[in-house]
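In: pasting the sequence and the predicted model now:
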Amino acid sequence: MSEKAPNHLTNNIPRLLLSAASSSSGKTTITIGLLAALREAGYKVQPYKVGLDYIDPSYYSEITGRMARNIDGFLMDEEMVRDVFFHGAEADGGADIAIIEGVRGLYEGFDSFTDIGSTAQVAKILKCSVILVINARSITRSAAALVNGLKEFDSDVHIAGVILNNIGGPRHEKKATEAIEFYTGIPVLGTVYRDSSMNISMRHLGLVPAIEGRRRDDDFHNRISVIKNTMKNGIDVDRLIEVAYEAPELDRPLKTVFSSRDIEGEPPVIGVALDEGFNFYYHDNLELLQMAGARIEYFSPIHDRKLPDIDGIYIGGGYPELFAQELEDNVSMREDILDASLSGMPIYAECGGLMYLTEKLSTGLKGKGNYSMAEMSESTHDMVGALPGHTLMGHKRVVSYNIGSLALNTVIGKAGNSFRGHEFHHSEVTNIPKDAEFAIKLSRGTGIIDGWDGLKANNTLGCYAHLVASSYKEFACSFVDFMNKKE
């Protein structure tokens, strides 16, 4: 493989972006294999994900040993996109090369007429070449038309190569490759044959998270190894590295959000829930909480009996519905969290965390939809009860950017603060009393009920909105200051 770049601060970070014509083209699997091959070759690889997915980045962090970063052109302006990119590439001793996986199709974004929120937008901001992953199942010459259309749609997007996925055999490979290279002038840099052994377990929010896959699947690392070897055998990895090194110099942001501050006294301790049920966190959120002056102590609502000695709690999203029995059975943990809430401890919960903090959670209700490969019995389980309401796993599916503002002072900011975030859930909170207090008013999005989100009780706040701390800059300092005041 090509020689590695010197590991120091530079504006010429080698980088490339993998995209596709649509979702389910195989770009995540190919990204996993490429990251693993580069790591095996001795490269320090910094992974990124365009968009707001949690699960794909969990694999990238697992494989590379470096925390994957999310970049989103709707939540972040150009300066912030570059800030997150440079910080990720230079953190923890620096990386040799950056690999970015796109979201959905190359041009899918916030609306129909701009590239805001799209993979193409990020490719242009970061001045990096695009490698197209084409699902070539049952097509040959049509693949050329598809590539040509993507090439011509926006001349500012540089497509440097194609990887053909789902190839049926040598004849299929030859015809599709010849057609693409003849009609588009873009080289085919790899082909991946159909192989069910590369499949990674899926469920209703996407892939099974890496933390859960590692714990429950004895064959997890073997499967990753199969994917890696397939990519090494079928893809011109050396040429991809050369493309990454051809990226031009990138302007640094004028300022950075990633700066530490000093606080008086001992740092407050945030208990962060982390286990198979709760693992949807953006690394920026956790890192910026630490930079704001907090110390993080991880705990498991499933496995630990009691809370650690902490000053606040952060419960992210995940799959509490799949571990509802275990969560219910851990009575001492539920009681500990409820006592903390009643005593006024600052608690912030997103999506799965919100579900866990309500009074009950019902799963497997008849007529309530298909959960892909997630098997859930028809049952109702007691949850923490720090927030009013009964959560139902149902047919309701919400996937959306959201825009909101705080209507009340909360653990994550003061009334009047505005944010851009997103929500992705298959649940709804019902049986909410009429006098329930809501802290977030949405101008875009669904929330909990009637455009309101952020169910609040004492200093506990639970919402369907997911926030990115590098975008909503008040998040980290507000949380730490709130804990320091012990309000």
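Out: The structure has been received and is ready for your questions.

In: domain map for the chain?
Out: Dividing the chain into domains by automatic domain parsing, as the record does, gives the ranges 15-245, 269-485.

In: so for the first one, mean pLDDT?
Out: Here the mean pLDDT over domain 15-245 is 92, rounded to a whole number.

In: equivalent analysis for the last one, please.
Out: Domain 269-485 comes out with an average pLDDT of 94.

In: pull the longest strand from this structure.
Out: Using DSSP state E to define each element, the chain has its longest strand at strand 390-406.

In: packing partners of it?
Out: Here strand 390-406 touches strand 360-363, strand 418-430, strand 437-444, strand 452-457, going by 3 or more Cβ pairs under 8 Å, 6 or more residues apart in numbering; DSSP states H and E. For every residue, glycine as well, the C-beta is placed using N, CA and C.

In: counting contacts, what elements does the next helix or strand after the shortest one pack onto?
Out: Helices and strands here follow DSSP states H and E; after strand 360-363, the next one along the chain is strand 379-382. In terms of contact count using 3+ Cβ pairs under 8 Å, 6+ apart, strand 379-382 is assigned the packing partners helix 324-329, strand 360-363.

In: before we move on, back to that, tabulate the domains of the chain (JSON lines), appending distance to residue 257 and mean neighbour count.
Out: Shown next, in JSON lines, are the domains of the chain (distance: least, Cβ to Cβ, whole Å; neighbours: other Cβ atoms under 10 Å):
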{"stretch": "domain 15-245", "distance to residue 257": "6", "mean neighbour count": "20"}
{"stretch": "domain 269-485", "distance to residue 257": "6", "mean neighbour count": "20"}
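
In: out of these, which gets nearest to residue 253?
Out: domain 15-245 (4.3 Å; Cβ to Cβ).

In: endpoints of the closest one, how far apart?
Out: 7 Å (Cα to Cα, to the nearest Å).

In: quick one on the thing from earlier: CSV for the helices and strands packed on strand 379-382, including distance to residue 396?
Out: Conversion of the helices and strands packed on strand 379-382 to CSV gives the following (distance: least, Cβ to Cβ, whole Å):
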stretch, distance to residue 396
helix 324-329, 18
strand 360-363, 13
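
In: which stretch among these comes nearest residue 287?
Out: In terms of Cβ to Cβ, the element of the helices and strands packed on strand 379-382 nearest to residue 287 is helix 324-329, at 27.4 Å.

In: beyond the closest one, next helix or strand please.
Out: Next in line after helix 324-329, if elements are assigned by DSSP H and E, sits helix 331-342.

In: can you list contacts of that following helix?
Out: 301, 304-307, 313, 327-328, 347, 357, 382-386, 457-460 (Cβ atoms under 8 Å, 6 or more residues apart in numbering).

In: relative to strand 452-457, how tilted is that helix?
Out: Between helix 331-342 and strand 452-457, the angle comes out at 100 degrees (axes from the mean of the first three to the mean of the last three Cα atoms, to 10 degrees).

In: about what we covered before: of all the helices and strands packed on strand 379-382, which one is nearest residue 84?
Out: Here helix 324-329 is closest among the helices and strands packed on strand 379-382 (Cβ to Cβ), at 33.0 Å.

In: the closest one: how far from the chain's middle?
Out: Centroid separation for helix 324-329 versus its chain: 26 Å, with Cα atoms, centre = their mean, to the nearest Å.

In: now swap in stretch 43-60 and tell me
Out: For stretch 43-60, the distance to the chain centre is 7 Å (Cα atoms, centre = their mean).

In: straight-line length of it, end to end?
Out: One end of stretch 43-60 to the other measures 14 Å (Cα to Cα).

In: residue 74 reaches residue 111, doesn't it?
Out: No. Residue 74 is beyond contact range of residue 111, at 9.6 Å (criterion: Cβ atoms under 8 Å).

In: mind listing the helices in the stretch 101-250 of the chain by residue range?
Out: 119-125, 141-153, 170-184, 210-216, 220-234, 237-245 (DSSP state H, counting those that start in this stretch).

In: okay, the angle between the last one and helix 220-234?
Out: Pointing back at helix 237-245 there. Counting by the same axes, to 10 degrees, helix 237-245 lies at 90 degrees to helix 220-234.
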